[in-house]
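Enquirer: predicted model and sequence below, questions to follow.
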Amino acid sequence: MLKGKTALITGTNRGIGKAFVEEFACSGADIIAHARRETPEFMQICEGIRAEYGVKVTPLFFDMLDSEAMKNAVRGLISSKTPVNVLINNAGAAHGGLFQMTSMTQIRKVFDINLFSHMELTQHLLRYMAKWGEACVINMGSVLGLDMPRGSCAYGLSKAALMAFTRTLAAECAPLGIRVNALAPGLVDTEMADLMEEEAEVNIQGYDIDGEVLKMARANAALAGVDKQIHFQQRDIINFSSPKKYGFVISNPPYGERLSSKKEMELLYRTIGNIIRENETWSFFLLSGFEEAQKAIGKKATKNRKIYNGMMKTYLYQYMGIKPPRH
């Protein structure tokens, strides 16, 4: 069906991109298989598909965020007169999280990968593709870009923008004989989907021994729109425990006038040190003005940043735990 055609597919080292390579190869198309970097595993995948289906599989390596590397890769295709009849813009970045807990830096990065890099690659290739006769561009959208549920402020919005781009590009490219379409699959069982589920899962516990402080914290959380994601408890940090293996603890333990003596502070911080040692897969961030905190904790902080609470000099002691394994 596709014999004599060549498809350039981005993000082919796993998941949907890898499945695209197999399906197009099975239909007789030659493949230009893009990945960010060369690995023995990826080269083995390409060789296996080449051997199984008897098609040409050409690996192509560049970072989607590296404009110069992308240009050089396209120049190489053009100079070698390698045809490109189908372009599948599949590479993408996963992200799940509430808007008010997602930095603009994160949102921009997701858009750079999921939208702007595809626009840039398509712009480089369109005229060249038109020279080979009828051609096709397929953009990988998502049902999240249509439904826009909570937690999709970065990923879902970037996919919605990509699908809007698809519509306007289709109108522009029709006179050139180039079809432009988008696919909007639901959740597919891939590594990226697992990552999105992990990032979107928010489980926040808020502790304090003072009931009035908890009332203020609940009110502030409601104003920020995150009160449904935080479970507040009147509880002492020294009683910390969690069934979760990995997590973060952010604490502002008492110091200065909030404790009556240095001996009390040393005892409290020694207790915190025991908690840190007992939970080595958790990361602890302690905001404190107690300059001897590290000594009392019995462990040097991974990072120690000096900041000011009004006119009072304080420190952010960061104790980084063991990271969870990459799946």
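Expert: Perfect, I can see it now.

Enquirer: and the strands in the chain?
Expert: 6-9, 30-35, 57-61, 86-89, 135-140, 178-183, 204-208, 230-234, 247-251, 282-288, 303-309, 312-319 (DSSP state E).

Enquirer: so for Met101, which of those sits nearest?
Expert: Of all the strands of the chain, it is strand 204-208 that lies closest to Met101, at 9.2 Å by Cβ to Cβ. Using the backbone N, CA and C atoms, a C-beta is placed for each residue, glycine as well.

Enquirer: that closest one packs against which elements?
Expert: helix 211-224, strand 230-234 (3 or more Cβ pairs under 8 Å, 6 or more residues apart in numbering; DSSP states H and E).

Enquirer: could you check the angle the longest one makes with strand 230-234?
Expert: So that's helix 211-224. Helix 211-224 runs at 170 degrees relative to strand 230-234, counting by axes from the mean of the first three to the mean of the last three Cα atoms, to 10 degrees.

Enquirer: show me what helix 211-224 is packed up against.
Expert: strand 204-208, strand 230-234.

Enquirer: let's test this: mean pLDDT of stretch 243-260, rounded?
Expert: Averaged over stretch 243-260, pLDDT sits at 74.

Enquirer: hmm, back to that, the helices and strands packed on helix 211-224: which one's closest to Ser242?
Expert: Of the helices and strands packed on helix 211-224, nearest to Ser242 by Cβ to Cβ is strand 204-208, at 7.7 Å.

Enquirer: low-confidence stretches in this protein?
Expert: Filtered on pLDDT under 70, the chain yields the residue ranges 187-203, 255-260, 326-327.

Enquirer: one more time with 50, if that's ok
Expert: Low-confidence segments of the chain, defined by pLDDT under 50, are located at 200.

Enquirer: what about Gly206, how many residues nearby?
Expert: Around Gly206 there are 17 other residues, counting by other Cβ atoms under 10 Å.

Enquirer: got the contact list for it?
Expert: Each residue near Gly206 by Cβ atoms under 8 Å, 6 or more residues apart in numbering is listed here: 214, 217, 221, 230-233.

Enquirer: His34 now?
Expert: 8-12, 59-62, 91.

Enquirer: including neighbour count and distance to Leu146, could the residues you listed go into a markdown table?
Expert: What follows is the contacts of His34, written out as a markdown table (neighbours: other Cβ atoms under 10 Å; distance: Cβ to Cβ, whole Å):
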| residue | neighbour count | distance to Leu146 |
| --- | --- | --- |
| Leu8 | 27 | 26 |
| Ile9 | 27 | 23 |
| Thr10 | 25 | 22 |
| Gly11 | 24 | 21 |
| Thr12 | 29 | 25 |
| Pro59 | 17 | 33 |
| Leu60 | 18 | 31 |
| Phe61 | 14 | 32 |
| Phe62 | 21 | 30 |
| Ala91 | 22 | 20 |
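
Enquirer: circling back to that earlier point, now the helices and strands packed on helix 211-224 as a markdown table including distance to Met101?
Expert: Shown next, in a markdown table, are the helices and strands packed on helix 211-224 (distance: least, Cβ to Cβ, whole Å):
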| stretch | distance to Met101 |
| --- | --- |
| strand 204-208 | 9 |
| strand 230-234 | 11 |
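
Enquirer: winner for burial among the ones you listed?
Expert: Among these, strand 204-208 has the highest mean neighbour count (mean count of other Cβ atoms under 10 Å), at a mean of 16.

Enquirer: make CSV out of the strands of the chain and add distance to Met104.
Expert: CSV is the format used below for those (distance: least, Cβ to Cβ, whole Å):
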stretch, distance to Met104
strand 6-9, 31
strand 30-35, 28
strand 57-61, 30
strand 86-89, 24
strand 135-140, 24
strand 178-183, 26
strand 204-208, 21
strand 230-234, 22
strand 247-251, 21
strand 282-288, 21
strand 303-309, 22
strand 312-319, 22
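
Enquirer: out of these, the one nearest Leu267 is which?
Expert: Checked against Cβ to Cβ, the stretch from these lying closest is strand 282-288, at 14.4 Å.

Enquirer: for that closest one, which strands pair with it and how are they oriented?
Expert: strand 247-251 (parallel), strand 312-319 (antiparallel) (DSSP bridges).

Enquirer: what's the angle between it and strand 303-309?
Expert: 40 degrees.

Enquirer: about what we covered before: Met140 is nearest to which of the helices and strands packed on helix 211-224?
Expert: Among the helices and strands packed on helix 211-224, strand 204-208 sits nearest to Met140 (Cβ to Cβ), with 32.3 Å.

Enquirer: quick revisit: tell me which two of the contacts of Gly206 sit farthest apart.
Expert: Ala221 and Gln233 (13.3 Å).

Enquirer: coming back round to it: for the helices and strands packed on strand 204-208, give me JSON lines that also has distance to Leu157.
Expert: Output for the helices and strands packed on strand 204-208, formatted as JSON lines (distance: least, Cβ to Cβ, whole Å):
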{"stretch": "helix 211-224", "distance to Leu157": "20"}
{"stretch": "strand 230-234", "distance to Leu157": "24"}
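
Enquirer: how about the contacts made by Ile237?
Expert: Residues in contact with Ile237 (Cβ under 8 Å, 6+ apart) are 207, 249, 251, 253, 272, 275.
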